[in-house]
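Trainee: quick one: sequence plus predicted model below, questions after.
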Amino acid sequence: MDDLHSGDVFGWGDSKDGPSNLSPNLPFRGDQLTNLCGGYGSAVIISPTVTTFTKMSKRHATHALAATTSGELYSWGNSKWGQVGLGAKASLSSRPRRVTAALDGKVVVQTSCGASHSAVLTDTGDVYTWGRGFEGQTGHASKALDDATNDIITSVQLLPKCVSSFTKDPVAAISCGYNFTCVVTKAGGVWSWGEGGSGQLGFGRITKQSVPKKVLDSCPATSQPFVDISCGWGHTLALTSGGELYSWGLNTYGQLGLGDTKARQEPARVTEDADEGGSSSLRFSKVTASTNYSLAIDSQECLYSFGCNSSSQLGHPDNKHRFVPTFVDGLKSKRVSLATSTGVETYAFTPTGIYNVDPPLGPISGGSKVMFNGGGFWDCEDIVVRFMPQTTAKKAVTRAAVGHFSYDEETGKQYVMVKTPRFAMTGPVTVEISMNGTDFTKDKNQFTYFADPSVGKVTPTFCNKTVPEVIEVDGTHYFESPLLKVRFKGKSTKGQLIVPAKFKSVVVGTEISEETEEEVDVYRKYVVCKSPLVPTDLISEDQLPWETKVAVALNGIDFKTTDKTFIFHNFTPFALFPSCAPFTGQCCVQVKGKSFFDSGKLVAKFSWPWTTEVADEEGNLVEVNEPQIILLPAVFVDKNTLNVEVFKLEGEQDGIVNLLEGAPALKWDEESDYLDCSVEISMDGGETYTGDGLNFRYYREPEFGMEQEKSGPMSGETAVEFTSSSVACGVSNEAVVKFFTEDGRFESFVEAECKEEFGEEGESTGVLQLSCVSPEFVLLEVEGEEGEEVEEEGKSAEEEKGGEEEEEEGEDEEKEDSEEPVEDGEAGDEDEDAAAVIPTKKADITKVLCMVAFNGVNFGEVCGSFDYYPTPTITKLSSDTVSAGSTLTIEGENFFSGKVWVRFDNKYGVDTVVEGKVASSGDVNVVVPMLLEEENREEGDEGEEGEEGEGRGEEKKGAEEEEEEEEELLLEGEEDGKVAKKRADLRFAVTVSFNETNFSGQEETAEVEWVFKGSAEEEEEEEV
């Protein structure tokens, strides 16, 4: 074999304990091999540095032959029958000795050994044989002599002798079987002689054939010539120039590869489906017949084996025989150039070689990570990869780089990885690998250097994450490449997506060439791809929009990045706020949604349907749709918000312009109180719109007013109502009421509930109601005259007036001392004029104004006012035990003249409100109502009530329930050393209100609890 280099020799077999591992013979790594051959009991590995190296089989050692590169023949081993060719004196040779005699001056190109005979082929096509000839295997018999004479002459041949049958028909290949010989002539014919009892000669069963006989002129099916032949113990394999395999002879173990164990006495074609008449896609390049099994290498340099596997010699993971050619899976991903056998052992050589280069091209700047997949690689420190230019230009300099070995256990593939060196010029270079630093492969593999590309404009610059978009990337130094890829890599988040791309070149104009001064076409060269779908496990919805950098790789791995960005989004508008605006009121509408970003071309389209009557060709009026459109710029705020300044339909625009090109005057029903629109958002200036339209309404501003002015405590929560006599604009869920003072020290906004008023029978009254609660009164921070901030922030009006109250405290105490206590029942006897004593405390009222924004943004005129007074608090009760009809005096702060209401409520649901009076002292007097029926009430009194019973709360429990739960209502407490049992439902909280709505109690909201007795004399005490 010519031009074989360093690699791995794998060996297996000679094992009856199960399949043996296919492992390389480490001593041969790094050596350059010229040939690998074997025969009955021996295998020979030939290296240029060592003439021969032999591994002899311990059980079947016989003899061996080897030819040097100059054609000299050497032999050694057992020479019982003269098979070493050294003459009768040499019965055993333990070391190689040169064979001369008839071969002196001849150039031996092929050798073959039988069990006890030998054959060689010279460069002139002559065949020489010697050794045992009892079965006719040497082929020296003469047709002119009788059999007895021929037996004497041919029984033993001690020296090489030329086979005269082929002097005029040169031979191309030879092979020795156990006791027979076969050859293939240069004309493509097959000849055989020797023992043929099993049909191995190919022309029937014959005991002895002493003279060569032709078996086939050429391939029976294709007429192609035969080019190679190999003989086993009792079978023969022949190969045609087209890679078709024929076999014949003994077939006990399926060594013929015909799918059975039936012997063949004539050539039969080996097919994949084991049907002799069928066709086969397998094409073989080399065949080897061993004792009772066969080896074949196909055109892809994959090794197949079939036949006997009792010693695991086939290389399969079991000891089962194979009846058809079966791929040796242990050598997958490796290329086998030679395979041989000793009879029970198999050897295969995988030379160091490059199968493919990935990628096969890279930029001249170098640094590409290139993987060389091949065979005969192993982990060592001497791996060198060199890049040799295929031109003799001055810049063409061979460069080299250090390689690193890697192995894929799953696929069995071997790799050498290298970073490409810089190169001065573009174009193809030859790459070679050496595992020992000196012997390089001669596969003629190529690697192509190209100019580094530059990446330019990206069109478009964004797309939806779930909708593929065609993307064009402009740049320079692009060219057609099947490995072209585009990468999208996150700028601020991890993750990247890579998609295949194609090169495009289109003519975009012409120019005058500086060299030829002729007009030439100008091309736009760019890369086009489809945007990838963005999986949620890579980028979640919360991480959208996803901003990426775009990069292009002409070889699929070396990406050149642009400074341009590409955005993946899920741009979805959800709602508008406000969703309406007055015809005359300009406002900013917020578009709420997700995955918003600044595309630079954000616009909002407001549209509504409109039909116009026009005359057709016959003069008839027909309706024509003329949708009205307002195109407005949208401003990006954040990923969830866009702002749009709304176009006024009435009044001056204040700079807002309809962006629609050539927009005509807008049309709508100007008599209507509202106009419904659809709002759509575009990211590309109006070319396309995202999502469904959002509802928006123009309306004519309704006029609101207060039915009556309200007042309430500064703590807020007072119900306030506004009404409008117009309901044509509809009901808004965005209404807001503004409470403010003219000096700007107080301003607060509260949401309002808007609803249409209906009559008892469900008919509309034409009134629009707006209800809200007053906010807490807190002064805002203001600046002094010289710009100094006044520390008023968060300070209530009550705290502000604290100083004034302290000044008045002394006067109040004096007045309280001068006043006589009011006896129980006196307040009820006074008439109204007598009770209207001017008190010393007056209401400290702060008036605020109110305005309504029907859409929460555009406020109308002032539509009412609201009076704030300091929040009243109770500090003391005149007694914590009172009876119905008695007067209770309530002392507190922030009481003022006017109407006052007192609430009595307990936790069992009794809640009674009665009107009290403000005394001149500033305290509140109230007559205690009948809250619960007296316990000692006589029968028949039920249902009889006097005037004093007015306002009394209902009893929560019936008579029967009261008896059952009486124990639960009893409270135990210590009083004067005794344990008193009192009813828990007689404990009430007392609160006051100056507007009959907002009740307040003890300071800091702690309830004042007191015990109510049915009568002063009826309190029962039990001594425990």
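Mentor: It's in.

Trainee: for V914, what are its contacts?
Mentor: 901-902, 904, 926-927, 929, 951 (C-beta atoms under 8 Å, 6 or more residues apart in numbering). The C-beta positions use only the backbone N, C-alpha and C, and glycine is treated the same way.

Trainee: okay, it: pLDDT?
Mentor: According to the prediction, V914 has pLDDT 91.

Trainee: repeat for the one 4 residues further on
Mentor: Note on V918: pLDDT of 89.

Trainee: ok, H60 next?
Mentor: You'll see H60 listed with a pLDDT of 41.

Trainee: show me what counts as buried in stretch 291-310.
Mentor: Within stretch 291-310, the residues that qualify as buried are 291-298, 301-310, counting by 16 or more other C-beta atoms under 10 Å.

Trainee: stretch 318-325 too?
Mentor: Residues 319, 321-325 are the ones in stretch 318-325 that count as buried (16+ other C-beta under 10 Å).

Trainee: got the residues you listed as JSON lines, with secondary structure, pLDDT and distance to N640 columns?
Mentor: Converted to JSON lines, the buried residues of stretch 318-325 look like this (DSSP: H, G, I helix; E, B strand; the rest coil; pLDDT from 0 to 100; distance: C-beta to C-beta, whole Å):
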{"residue": "N319", "secondary structure": "coil", "pLDDT": "86", "distance to N640": "71"}
{"residue": "H321", "secondary structure": "coil", "pLDDT": "93", "distance to N640": "73"}
{"residue": "R322", "secondary structure": "strand", "pLDDT": "93", "distance to N640": "69"}
{"residue": "F323", "secondary structure": "strand", "pLDDT": "94", "distance to N640": "72"}
{"residue": "V324", "secondary structure": "strand", "pLDDT": "94", "distance to N640": "68"}
{"residue": "P325", "secondary structure": "strand", "pLDDT": "94", "distance to N640": "68"}
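
Trainee: let's have the residues you listed in JSON lines, adding distance to N894.
Mentor: As requested, the buried residues of stretch 318-325 are exported to JSON lines (distance: C-beta to C-beta, whole Å):
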{"residue": "N319", "distance to N894": "107"}
{"residue": "H321", "distance to N894": "111"}
{"residue": "R322", "distance to N894": "108"}
{"residue": "F323", "distance to N894": "111"}
{"residue": "V324", "distance to N894": "109"}
{"residue": "P325", "distance to N894": "109"}
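
Trainee: could you pull out the helices for the protein?
Mentor: 147-154, 797-800, 802-818, 826-829, 832-835, 959-964 (DSSP state H).

Trainee: in the stretch 51-200 of the chain, which spans are strands?
Mentor: 53-56, 63-67, 73-78, 92-99, 108-113, 117-122, 127-132, 156-162, 171-176, 180-185, 190-196 (DSSP state E, counting those that start in this stretch).

Trainee: mean pLDDT added to these, as a markdown table?
Mentor: A markdown table is the format used below for these (pLDDT from 0 to 100):
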| stretch | mean pLDDT |
| --- | --- |
| strand 53-56 | 36 |
| strand 63-67 | 84 |
| strand 73-78 | 86 |
| strand 92-99 | 80 |
| strand 108-113 | 91 |
| strand 117-122 | 94 |
| strand 127-132 | 95 |
| strand 156-162 | 92 |
| strand 171-176 | 95 |
| strand 180-185 | 97 |
| strand 190-196 | 96 |
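
Trainee: of all the ones you listed, which one is nearest V918?
Mentor: strand 53-56 (125.5 Å; C-beta to C-beta).

Trainee: nearest to K262 among the buried residues of stretch 318-325?
Mentor: The closest of the buried residues of stretch 318-325, once distances to K262 are taken by C-beta to C-beta, is F323, at 10.1 Å.

Trainee: and that closest one, how close does it get to P775?
Mentor: According to C-beta to C-beta, to the nearest Å, F323 stands 97 Å off from P775.

Trainee: K395 too?
Mentor: Applying C-beta to C-beta to K395 and P775 gives a distance of 83 Å.

Trainee: pick out whichever of the two has more residues nearby.
Mentor: Comparing K395 with P775 by other C-beta atoms under 10 Å, the one with more neighbours is P775, at 22 against 9.
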